[in-house]
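Q: Structural data only, the sequence is not supplied:
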């Protein structure tokens, strides 16, 4: 393929890849979302192959035998992908683009190598003398020989000295513990200056973590399947899977020695410098911080655009952790005490918005979410610093310069306070951290998480071949045969997963809960009936969960869905579609679905909106939904519609969802959406609908919880019963009048009680004044006995106002079996060296408690009231 010399901009490089492979009859497919839904094995797309996984595994038919794309990927663990290292070198990232070309049973090693060489050396015109390749050296333990076939093809382009044998670790790719795998061939480039190349042969630096001798393309030749017992079998249809790091490629083409020096990152780094007043290149520490921010803002923005908001669970926690790491670097090394990263979004869109339109479409939401998360974590940093300062003071009081690892772990795990910031602050106080203790606590936590999530999965036992057919849109029972099954063990409990050739069971996906039900051999009626307690989707297959297997897995079976549960789920699912449309009508077209959960009992709907809904808005939404229910609109669905044609009908597509070539359109009147879930036959069957909750789950994202059908009827019955019971209790049919009367009476009684407490407090205060002691020229006021803590505190502050100098108030009181110490000293004594907080903390050991406060006022609570008098003596003894 003859081309003009490429202008080395990132956008042009990406387009050149598309153009080249399109000329080789590859279908150019869009990137799948970076956030993965409906796959229990992955949270994020971490390789280009993820969106083709079902094709590779043979679970879906091949619709095109050649494909190419640029895939958004995220990696935060694994080889070279430790999050804490990103920003410290020149070429590793959290989010990155993976250019890839694919063959599904079409071409194999010869063409894959030929295409790669042609693109790199003829299209991009990279120097052939700077390129090296690796091939699999073989593995005697697996009875695998060297990949001589790939080596022979490479010999057409490179001398044998630059075709390097690679170990199984580097040159044998595996999808996981089981599944497709095969040898791979890496292409490396040496971008060092000529002088360095003359001194040291690049051959010796390949796969040695040299920042300028790097892998840019990996060609994977999938030809085996790894079974659960570790053995290999040949794949019937061989697959080519290649992946090339886009950022590294840009570095090589643009003649840079760092990914961060390319036009992929420089606009973000320049904008960070403009906002912070820091200049890239002036300081190694601020340079690292600017690289961290530039890398992380891409990850955060793309995740939010794909529908994943920061949170404390799973994928959301990963995104929050990445965002907080960037905030921490900005806080510590760029002097940013206020939110600033959200201001980088326009620069990111200028750089990548043309290639990834979701950034532009979701700009407002991304900015609001990032800003709120930044502000929240900055408050966390301030609180964490206060807690750490307290820990430091306690250590100094105890005469040690070492902070317990468990204390630092609580800051890290409970409050989200970064470990390296803890260590930095400790160094400033000339203190050190028990790092071994911290690591031990971290290991305990990981073990707890690992044990909770540990799953042992056996090999699939194949009964017969064939593909699965879903018939659940039209029926709730079906005759089927078992294709395969396997045993699974989790938390020491065993169960089985079964795949049938036909199934009416909907597998959990798109927020809709999976079906439950039962199956039994057709020849036995209800004898041998086995419960299906859940159905989940794995690799595009409905997998049925059962506690035991049938006596003869080769039988023919009758599968029956639990119809009442299915219908209740369908009512809630259809109600979410009506709710979505009603929200857009009432609030505006900016409303977009950001997530949903539909079960037989309840529905949850997350959507973009920037303020709390008023009671009036909620009522208007409810009325619109129930009006559609009363219309009894019949389901109108279109199946296997080309996605472009479906969008022309006005069907709403959701951000963050990956749609296939053909989609299903679900229409209820003016509500039209792309949806693969099951629905009620007509809206009238929903019965009724009520919103039970509305809240914020993130910046710019609200959540509605609602019920429909029988659950809604029961809810309304409960409200009616409650009103009836209240009328009986209040002996009044006019509840509002009765409640108003009681509120007014209560207010009057409360006022009388407050006057009584105030009068009692004044008498008590005067009694304390009358018993005042003079301790070395200090007016000492003491209170002992059983008094509420708030009264004691009130008296302390009153006395401080009346005796502004040389005053000390000491309290040792107990109320409702809760001992409390209180200490108030005047400002002149505090300035003279007395510290109420320190004195109270030390005295609190007598009541087996703890506390603190400020230099002039502090309190402590405890468990042992018998220690009150010794604690009082210790506090007053500090006066000399």
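A: Yep, it's here. Since the structure is predicted, the reported quantities are computational estimates derived from the model, not experimental observations.
Q: Low-confidence bits of the stretch 501-650 of the chain, can you list those?
A: The model of the stretch 501-650 of the chain has pLDDT under 70 over residues 525-526.
Q: For stretch 23-32, which residues meet the burial criterion?
A: 24, 26, 29, 31-32 (16 or more other Cβ atoms under 10 Å). Where C-beta positions appear, they are placed from N, C-alpha and C, glycine not excepted.
Q: before we move on, what about stretch 138-157?
A: Buried residues in stretch 138-157 (16+ other Cβ under 10 Å): 138, 144, 147, 150-151, 153-154, 157.
Q: Please enumerate the helices of the stretch 101-250 of the chain.
A: 109-118, 148-154, 168-171, 194-199, 246-253 (DSSP state H, counting those that start in this stretch).
Q: brain fart, the stretch 501-650 of the chain
A: 563-587, 615-631, 643-648.
Q: Which one of those helices lies nearest to residue 365?
A: In terms of Cβ to Cβ, the element of these nearest to residue 365 is helix 563-587, at 14.3 Å.
Q: other SSEs contacting that closest one?
A: strand 593-598, strand 603-608, helix 615-631, strand 662-668, strand 671-674, strand 689-698, strand 701-708, helix 709-730 (3 or more Cβ pairs under 8 Å, 6 or more residues apart in numbering; DSSP states H and E).
Q: and these as JSON lines, adding distance to residue 199?
A: Formatted as JSON lines, these follow (distance: least, Cβ to Cβ, whole Å):
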{"stretch": "strand 593-598", "distance to residue 199": "56"}
{"stretch": "strand 603-608", "distance to residue 199": "57"}
{"stretch": "helix 615-631", "distance to residue 199": "72"}
{"stretch": "strand 662-668", "distance to residue 199": "58"}
{"stretch": "strand 671-674", "distance to residue 199": "59"}
{"stretch": "strand 689-698", "distance to residue 199": "54"}
{"stretch": "strand 701-708", "distance to residue 199": "56"}
{"stretch": "helix 709-730", "distance to residue 199": "76"}
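Q: what sits opposite residue 239 in the beta ladder?
A: Note on residue 239: beta-bridge partners residue 104, residue 222, judged by DSSP bridges.
Q: ok, now how distant is residue 243 from residue 113?
A: From residue 243 across to residue 113, the span is 15 Å (Cβ to Cβ, to the nearest Å).
Q: about what we covered before: need the helices and strands packed on helix 563-587 in JSON lines with mean neighbour count and distance to residue 182, can you?
A: As requested, those are exported to JSON lines (neighbours: other Cβ atoms under 10 Å; distance: least, Cβ to Cβ, whole Å):
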{"stretch": "strand 593-598", "mean neighbour count": "22", "distance to residue 182": "37"}
{"stretch": "strand 603-608", "mean neighbour count": "22", "distance to residue 182": "41"}
{"stretch": "helix 615-631", "mean neighbour count": "17", "distance to residue 182": "53"}
{"stretch": "strand 662-668", "mean neighbour count": "20", "distance to residue 182": "30"}
{"stretch": "strand 671-674", "mean neighbour count": "20", "distance to residue 182": "35"}
{"stretch": "strand 689-698", "mean neighbour count": "16", "distance to residue 182": "42"}
{"stretch": "strand 701-708", "mean neighbour count": "22", "distance to residue 182": "42"}
{"stretch": "helix 709-730", "mean neighbour count": "13", "distance to residue 182": "51"}
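Q: right, and those - which one's nearest residue 86?
A: Here strand 689-698 is closest among those (Cβ to Cβ), at 24.1 Å.
Q: that older thread, just name the closest of the buried residues of stretch 23-32 to residue 662, please.
A: Once Cβ to Cβ is applied, the member of these that ends up nearest residue 662 is residue 29, at 14.2 Å.
Q: dump the residue contacts of that closest one.
A: 51, 67-69 (Cβ atoms under 8 Å, 6 or more residues apart in numbering).
Q: ok, and the most crowded of the residues you listed?
A: Highest neighbour count within the contacts of residue 29: residue 69, with 24 neighbours (other Cβ atoms under 10 Å).
Q: Mind listing the strands whatever helix or strand that residue lives in pairs with, and their directions?
A: According to DSSP states H and E, residue 69 maps onto strand 66-74. Using DSSP bridges, strand 66-74 pairs in its sheet with strand 27-28 (parallel), strand 95-104 (antiparallel).
Q: what is the mean pLDDT for the first one?
A: Just to be clear, that refers to strand 27-28. The average pLDDT for strand 27-28 rounds to 94.
Q: got a list of contacts for stretch 288-296?
A: 86-88, 93-95, 260, 265, 268-269, 272-273, 278, 280, 322-323, 325-326, 329-330, 332-334, 341, 344.
Q: Quick one: mean pLDDT over it.
A: Rounded mean pLDDT across stretch 288-296 is 95.
Q: Quick check: buried residues in that stretch?
A: 288-296.
Q: Identify the residues contacting residue 529.
A: 518-520.
Q: ok, so of these, who is nearest residue 253?
A: Nearest to residue 253 among these, with distances taken as Cβ to Cβ, is residue 519, at 57.6 Å.
Q: Tell me how far that closest one lies from residue 557.
A: 5 Å.
Q: which neighbours do the two share?
A: 480, 500, 550.
Q: export these to JSON lines and tack on distance to residue 628 and neighbour count?
A: Output for those, formatted as JSON lines (distance: Cβ to Cβ, whole Å; neighbours: other Cβ atoms under 10 Å):
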{"residue": "480", "distance to residue 628": "36", "neighbour count": "24"}
{"residue": "500", "distance to residue 628": "36", "neighbour count": "25"}
{"residue": "550", "distance to residue 628": "44", "neighbour count": "19"}
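Q: Mind putting those into TSV with distance to residue 697?
A: What follows is the shared contacts of residue 519 and residue 557, written out as TSV (distance: Cβ to Cβ, whole Å):
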residue	distance to residue 697
480	40
500	37
550	43
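Q: Closest one of the contacts of residue 529 to residue 595?
A: Out of those, the member with the shortest distance to residue 595 (by Cβ to Cβ) is residue 518, at 31.0 Å.
Q: Distance check, the closest one against residue 490.
A: 22 Å.
Q: got it, and residue 772?
A: 69 Å.
Q: With residue 806 instead?
A: 69 Å.
Q: Then residue 130?
A: Relative to residue 490, and taking Cβ to Cβ, residue 130 is found at 50 Å.
Q: Need the residues that contact stretch 413-428.
A: 84, 324-325, 328, 332, 377, 380-381, 383-385, 387-388, 392, 403, 408, 411-412, 432-433, 438, 441, 445.
Q: tell me which residues in it are buried?
A: Result for stretch 413-428 [16+ other Cβ under 10 Å]: buried residues 416-419, 421-423, 425-426.
Q: quick one: average confidence on that stretch?
A: 78.
Q: what distance separates it from the centre of its chain?
A: 22 Å (Cα atoms, centre = their mean, to the nearest Å).
Q: now do stretch 791-807
A: The answer for stretch 791-807 is 50 Å, by Cα atoms, centre = their mean.
Q: Over to stretch 464-479?
A: On Cα atoms, centre = their mean, the centre of stretch 464-479 falls 34 Å from that of its chain.
Q: got TSV for the helices of the stretch 501-650 of the chain, with distance to residue 177 too?
A: Shown next, in TSV, are the helices of the stretch 501-650 of the chain (distance: least, Cβ to Cβ, whole Å):
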stretch	distance to residue 177
helix 563-587	34
helix 615-631	47
helix 643-648	34
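Q: closest one to residue 690 among the ones you listed?
A: Of all those, helix 615-631 comes closest under Cβ to Cβ, at 6.4 Å.
Q: Alright, that wraps it up for me.
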